[in-house]
Structure formats: structure tokens, C-alpha cells
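J.: Everything below, folded, please.
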Amino acid sequence: MQALAVNLEIRPTSDSPRTHMNLRTYTSLSAILAFASGGALVAPMNAMAQQAGVEELTRGPVHEAFAETVSYDPQPGILVNTEPPTLIEEIPPSQQLEGENVAWIPGYWGWEDETNDFIWISGIWRNVPPGRQWVPGYWAQAGEQWQWTSGYWAGQTEQEVTYLPQPPKSLENGPSVEAPSSDNIWISGNWRYREDRYAWQPGYWVPPQQDWIYQPSHYQWTRRGYVYVDGYWDYNLARRGVLFAPVRFQREVYARPGYRYTPSMVIAVGAFLNHLFVRPSYGHYYFGDYYEPSYQAAGYVTLFNYHTDRHGHDPIYAQRRWEHRNEQGWEQARRDDYDYYRNNAAGRPARTWAAMSALAVGSRRGQRDNSDFAVPLTAYIKNPGGRQAFEELGKRQQTRLVEQREAMRKFGQDRQQLEGRATERTSIGTDQPPQVVREKFGRSPIVAKPAGDLSTKDTPPKLREPRIAPPVVAPERPRDGKEPSPKKPLPIPDRGHNGIPGTDPRGKDAPRPERKPEVTPPARPRPQVLEKVTPPERPRPQVPEKVTPPERPRPQMPEKITPPERPRPQPPERVAPPVRQPEVPRLPQGRPQQPPQKGKQAEGAKDGKREKP
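T.: Next comes the predicted model:
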């Protein structure tokens, strides 16, 4: 191993990109051969604390994978005039954070305005959000400058990325409906791309969870287009992982062949929350002393102003405000602290670990709150009051971390090449909508375990469906290539003190800035309006009278002839049978003959019978 180090020492140390590529190749080989020969891949804790040319900072940008910002109107990344150095061979500490879903996410170069140079944003131990995979950010050349593209937590199963046209200006203006109860948090609305245009999805209320923070849906700017990131539940800051301090290197230190760095200074998240800022143009949170008024002009926004000024949604501050909902004056106290640090430079937190460690232990906490938010990893592990536990890394785990680091860098290079391709744009003046580009994308080496494999405490709450409302369709962009004039920002409501408009929000007795008397401009003379001349009425064309055609005679129908009624056959008259007369017995001769009876004689005559004398 020593012979290999000698061979590496004679390599050029120029800062050219080609030399950086060779240096990276040999340092990667050095790390692998060190493990093959039985050497340690992890540096002893605090090995870099006293090294010359390495300055650990107690302020700076927060690793994007630790806390992801949400902007209503995402901006392109910042541009710098200096080429970023080659990535450092960063080795994780020998103590790993315990957990079934923990991963080491490597660091990257960040920009520092004060020194006009790059600083190293150290890697982190991260409890990976359930159902997500990490897509790292990168620096890319843009003309004669270099531009930053932020990373984001994509869906776990996504293997295709969709690049969308720029969304319209956000319509989010705070809650539009009354909260169901005080035990709810407002989730901001956003634009959703449907078919060939954007439609507005309004915000909604959700009940927060004690150990979880909801990350709402938002867009991320890239060089290829805008990427939509759907909402998800993330761990609260106490369970999220271990955040290490950023480092300011001297170039001759990290340019040495075979140089490796291990983070050793922990940033206590519970203490730095009161000194947290957001920089939307860079897509990063910042912690520490950024109270100078010049930082506000440069785009550094405090958390309470980030929400009220409609820059975006801050899930960290929303969660904290809910946790302190029963403490009267909690939010006002945050404003008072900011005013104190802005006006008293001597009371601000130290900017480096060397300056903070030089202070007495009792004075590190500050005059208003705890400013002692940097602690060595050895002391952090031994703290019995901590909620996080650590375990020693084995050789198998060390090898896996080295392979994962190399795979992560390859994954970031693939993203940079994919988004660096020229975007096909439709020609101006056509009726075709802006083109949506879909590209196949591999899976990240850092991905969460399936939800079914996680324990109950690591299983996130179920996502609630947002309130369904009639969508607001965004107007189509003009086809002449000109962007519409920007809309005027919505006025900020005068919240005042304790909700009383017209009073100072910092207190009734606080001095308010003097307002200049309003000067009414002189009235401009109104232009004379010429009398309106009515043109003569034009003669209307005569419409010919409508002639009604004669009525056609209707054909007469022949009279219906009724056939004569047929005589009905009469039944024959019934004849009574003749009545038979009883025979009269003959009298003997000699007796006188009696005259016949009238009735019987008549009947005999009627029958035509005549008696003989």
C-alpha cells in the first residue's frame, strides 16, 4: 500500500478536468486496494479534526437529501463562474446509525458566497423515506458558467422521468376553506399537468403525525424541463438521520493523490432549528449565522417569512408550529429572536467549530436560545439522552458502502448526460402544445425497502386524498414566443399583533417605522371628448310581400253506401195440435135421441165430421 501511495504522489496535481478524472480513478483504486490488503476503509473518528487545511463550519447549506425545500415557483439553479472541483473520496465514519432502512448518502460541493469558492457539504447517515429513492444533484457547464441542478426524492418504483413545460405562476394564497379543527396542517395546492395543459389542484387540510412530516407535491427545475415530485411522508428531524458539518478545504489538501476524508462533526438538529433559513434560488436550507441584512437581500429567507411571504411551503416550520400550537406567543418569539440577532452581532452563533470550541461551555448556549449545535461524533454517540443508537461497521458493510458510493456517482453522471441533451422544441407559431419528454431512467442505488418489510414504527401513515374541486385550467401560452406579462403579487394581509390589523406584529409597544406622507399627484386634465355624430339612418330595403299560394281543393271522398239490411228469417209459427174429443157412447135403439150439446157440436163441425142420423 505504501508503494502504491508513492506512485500516486508523482501524478500531476493540476486542477484541470483531465487531471481530476485521473485523480479520481486512482483514489478509487486506492480505496479498493486498501480493503483488499486488509486496511480499514473507514477513518478513525476525529482523525480529521486537527488536520491543517480542513476547517469545519458551524453554518452553511444543509444536505439536500436531509431536508428538501418546496417552492411555489421553482427557479433555475444558481450560476457561478468557477468550475467545481472533482468529488472528494469521502469515507463514512466507523460508527453507523442503527436502523433497518438506513443508508449513507455521499456529500457534494456547494457554493459559498463569502469566499467566492466551493465548500464540501458532508455526507449523511439517512433514514430513507419509505417508498422513495434518491436522485442526486449535480453541477453542469452552462456557457462560460456552471449551474446547479438540485436533487430530489423520487418514487420508489419510478423508472421513467417526465420533463414538463414550465408551470404557471402558483395560485396558492393560504387556506381557502376553514380548518376542521386546530389539529390540522394546511397542505398547499399546485398545478397538475393533464393531457396538454396545466390545471390547478387546490390545497387541503391534513391531520399531522407526531413522528412524521408531510412533504407536499412540488416541481423541481432541471435543464431538460420541470419534474413533478408527488407528496410523501418523511421522518421527523429527530429520526431522520445524522447531519455532519460542512467543511472548507484548501485546494492543496484535497488535490493530493490518495486523499480521503471522513466527517466527524455532528450538527445537533434539535438546537439548530432556531437558526434555519431557506434559499429558494439554490434549493437548500441554511443553518447558522445568516442574520446580516445583506443575506436577506441575497435571497436568504427566514422560515416564518418563507411561509407568510408566499415563497413556498416549509414542512419543517409547519410541523413545529403545530407542535407548539398551545404555547401562546411561540411564533412571535421566533420573530423577536431574529430581530435580536440581526441587531446584535455579538450574540450570534459562532461560524466555525474552532471559534465555538474556544468559547466556555456555559457561553455556547447563547443569550436567547441554544446555539451550541455542533458536537464531535464521539461525544454525540456517548450521549445517554440521545434517541439514536449506533453500531460498528463490519468489513462486509464497508465493502458495500464503497461499491454503493461508486454506483451513486455513476447514477448521477447518467442523469447529467440525460438532462444535458438538447430539448426538442416546437417551432414558434405552430398550434402544437409544448412537448412533454419522457425518458427511461435506471433505479437509484439508494432506495427504501418495501413498506411491507418495515416495522410498525417505520411504516408511514396512509396518504389522504386531496379535496376534489373544479380545476382551474391555466391559459395557453402565446404561440408568438413572447411570455405573458407577469402578474402582480398578491397583497400580504396585515396580520398585526395578535391578529389586530394596523398594529405592529412584534408587539403593541414596539416602534413602528415612520411612514412618509402620501403625496397626491396633481390631477391630469381630462381630454375633451368630441361630440358623437350620429350618421343618417340608411333606408331599409323593402321586403317583397309574401304571396300566399291558393289553397288546393281537397278531393271529395265518395259517399259511403250502406248495403240493405238482410231480412232475418222468421221462425215458423207454432201450430197447436188438435184437441181430440172424447167419443160419445152410442145409445141403444128405441131410446129417444138426445139433442147434441152445443159445445161438442161445434167442435165436431169444426173438425169436418158430421154424424149420421
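
J.: Quick check: what element follows whichever helix in the chain runs longest along the chain?
T.: For the chain, the helix with the greatest residue count under DSSP state H is helix 395-420. Downstream of helix 395-420, the next assigned helix or strand under DSSP states H and E is strand 437-440.

J.: which of the residues in that following strand are buried?
T.: Buried positions in strand 437-440, judged by neighbour count with 16 or more other CB atoms under 10 Å: V437. In short, each C-beta sits where N, CA and C put it, glycine included.

J.: next one: stretch 152-159
T.: By 16+ other CB under 10 Å, the buried positions in stretch 152-159 come out as Y152, W153, A154, Q156, E158.

J.: Is the third one bridged to anything, and to what?
T.: Here A154 sits in beta bridges with Q133, going by DSSP bridges.

J.: I'd guessed it sits against P129; true?
T.: No. Counting by CB atoms under 8 Å, A154 sits too far from P129 to count as a contact (10.6 Å).

J.: still on that earlier bit, spell out which two among the buried residues of stretch 152-159 are the most distant pair, please.
T.: Greatest spatial distance in the buried residues of stretch 152-159: Y152 and Q156, 13.2 Å, computed using CB to CB.

J.: Quick one: neighbours of Q398, just the number.
T.: Q398 sits with 20 neighbouring residues when counted by other CB atoms under 10 Å.

J.: That one and Q96, how far apart?
T.: As judged by CB to CB, to the nearest Å, Q398 and Q96 stand 10 Å apart.

J.: thinking again about what came up before, columns distance to W134 on top of the buried residues of stretch 152-159, output as TSV?
T.: Shown next, in TSV, are the buried residues of stretch 152-159 (distance: CB to CB, whole Å):
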residue	distance to W134
Y152	8
W153	6
A154	8
Q156	11
E158	12
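
J.: closest to Y282 among those?
T.: The closest of the buried residues of stretch 152-159 to Y282 turns out to be Y152 (CB to CB; 14.1 Å).

J.: For the closest one, give me phi and psi.
T.: Note on Y152: its backbone torsions stand at phi -160, psi 160 [degrees, to the nearest 10].

J.: you'd agree it is up against Q220?
T.: Yes. Between Y152 and Q220 there is a contact under CB under 8 Å: 4.9 Å.

J.: which residues do the two both contact?
T.: Common contacts of Y152 and Q220 (CB atoms under 8 Å, 6 or more residues apart in numbering): V227, V229.

J.: can you map out the helices along this structure?
T.: Under DSSP H, the chain gives helices at 2-9, 17-36, 237-240, 251-254, 269-272, 293-297, 303-308, 315-323, 330-343, 353-358, 377-382, 395-420, 598-607.

J.: And the contacts of the fifth one?
T.: It stands for helix 269-272. The contact list for helix 269-272 (CB under 8 Å, 6+ apart) reads L237, A238, R240, L243, F287, G288, N370, S371, D372, F373.

J.: So the spatially closest residue to the fourth one that is not a sequence neighbour versus Y286, what's the distance?
T.: In this case it means L243. Among residues not flanking L243 along the chain, I267 sits closest, at 4.6 Å (CB to CB, 6 or more residues apart in numbering). Distance of I267 to Y286, computed by CB to CB: 12 Å.

J.: Repeat that for T157.
T.: For T157, the distance to Y286 (CB to CB) stands at 33 Å.

J.: and if you look at G452?
T.: Using CB to CB, we find G452 at a distance of 37 Å from Y286.

J.: Between the two, which has more neighbouring residues?
T.: A count of neighbours by other CB under 10 Å puts Y286 above the other of G452 and Y286, at 19 against 6.

J.: Who does that one form a beta bridge with?
T.: The partner residues for Y286, given DSSP bridges, come to P61, F277.

J.: just checking, it touches A67?
T.: No. Checked against CB under 8 Å, the pair Y286 and A67 is beyond contact range at 10.4 Å.
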